[in-house]
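1. following is a predicted model, sequence given first.
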Amino acid sequence: SQQGEEDPQALSIQEGENATMNCSYKTSINNLQWYRQNSGRGLVHLILIRSNEREKHSGRLRVTLDTSKKSSSLLITASRAADTASYFCATVRFSGSARQLTFGSGTQLTVLP
Amino acid sequence: DTEVTQTPKHLVMGMTNKKSLKCEQHMGHRAMYWYKQKAKKPPELMFVYSYEKLSINESVPSRFSPECPNSSLLNLHLHALQPEDSALYLCASSQADLRRDPTGKNIQYFGAGTRLSVL
């Protein structure tokens, strides 16, 4: 089952603009991750933020986490056409020695050249 | 090598066929996963193998039968599928050993998927 919702469902911006995507989740978490998926392909891990962190940066990516509101946001700065993809947040749940990812509903980002 | 290889890339099968999807990784990961993804939806977990043992089955119909013959390989056997089973099937792997992943990050590495069409 889906852990949470992402908004917007779809986002279209011009190259060079910033893109912000939001994710909400329902249960307590150990960490929250963001993944990217190019059309019809596998997912690629982008960035992880732990539950005791509030902000994390990686290149043009900035992730924030507000555990009191059970929400996270992903900011992509200075977007490029190559950033066009679907972006999913995912939360980790422990089940014995296995750990599960539960994905949000995703945001389809289109960056226009 | 951070690659997860899935074969075939595309598969068309009839409802009476038996086929298998294959997944391989050589990263020493001891957790492997099958996901099903419908168009414009997030991946949905089907099965988790941890140390070659099935640890999670998310109430998947028995027409899907997973198999983990060794620590590098994961198969998904398909039999008597329905048209609604048409989807992208993704395999992923991650560290399962807490000694190698003590913080429980569970970063998963995904294959490119098998696009399955059931006629």
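-> Received the coordinates, thanks.

2. list the contacts for residue 15?
-> Just so you know, I chose chain A. Going by C-beta atoms under 8 Å, 6 or more residues apart in numbering or on different chains, A:E15 touches A:79-81, A:111-113. In this view, the C-beta of every residue, glycine as well, is placed from N, C-alpha and C.

3. not what I meant, chain B
-> B:80-83, B:118-119.

4. all strands in the chain, in order from the N-terminus.
-> Since you didn't name a chain, this refers to chain A. A:5-7, A:10-14, A:19-24, A:31-37, A:43-50, A:55-58, A:61-66, A:71-76, A:85-95, A:98-103, A:107-112 (DSSP state E).

5. wait, I meant chain B there
-> B:4-7, B:10-13, B:18-25, B:31-37, B:44-50, B:53-57, B:64-70, B:73-79, B:87-94, B:109-110, B:114-118.

6. neighbours of A:L65, how many?
-> 22 (other C-beta atoms under 10 Å in any protein chain shown).

7. isn't it right next to A:L74, touching?
-> No. Using C-beta atoms under 8 Å, A:L65 makes no contact with A:L74, being 10.5 Å away.

8. just to revisit the earlier point, could you turn the buried ones of the contacts of A:E15 into a ChimeraX selection?
-> A single ChimeraX command selects the buried members of the contacts of A:E15 (16 or more other C-beta atoms under 10 Å in any protein chain shown):
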select /A:79,111
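
9. which ones are touching residue 36?
-> I went with chain A, as the question did not name one. For A:R36, counting by C-beta under 8 Å, 6+ apart, the contacting residues are A:43-44, A:46, A:85-88.

10. can you look at chain B instead?
-> B:43-44, B:46, B:87-90.

11. now, of these, which are buried?
-> B:43-44, B:46, B:87-90.

12. check those residues and tell me the two furthest apart.
-> B:M46 and B:L88 (12.2 Å; C-beta to C-beta).

13. so B:Q82 is in contact with B:L116, correct?
-> No. Shown here, B:Q82 and B:L116 do not form a contact pair, counting by C-beta under 8 Å, at 11.4 Å.

14. on that earlier part again, need the contacts of B:M15 in a markdown table with neighbour count, distance to chain A and pLDDT, can you?
-> Below are those laid out as a markdown table (neighbours: other C-beta atoms under 10 Å in any protein chain shown; distance: C-beta to the nearest C-beta, whole Å; pLDDT from 0 to 100):
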| residue | neighbour count | distance to chain A | pLDDT |
| --- | --- | --- | --- |
| B:A80 | 14 | 26 | 94 |
| B:L81 | 22 | 20 | 94 |
| B:Q82 | 10 | 21 | 95 |
| B:P83 | 9 | 19 | 95 |
| B:V118 | 19 | 17 | 96 |
| B:L119 | 10 | 19 | 93 |
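
15. pLDDT below threshold where in chain B?
-> B:1-2, B:97-105 (pLDDT under 70).

16. which positions in chain B make contact with chain A?
-> By C-beta under 8 Å from any C-beta of the partner chain, the residues of chain B that approach chain A are B:4, B:6, B:31, B:40-43, B:45, B:48, B:50-51, B:55-56, B:88, B:90, B:92, B:94, B:96, B:98, B:103-113, B:115.

17. make a ChimeraX selection of the buried ones in those.
-> Of the residues of chain B next to chain A, the buried ones can be selected in ChimeraX as follows, counting by 16+ other C-beta under 10 Å:
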select /B:4,6,31,42,43,45,48,50,55,56,88,90,92,94,96,105,106,107,108,109,110,111,112,113,115
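
18. can stretch A:65-78 be found next to chain B?
-> No. Contact of stretch A:65-78 with chain B (C-beta under 8 Å from any C-beta) is absent, the minimum separation being 14.6 Å.
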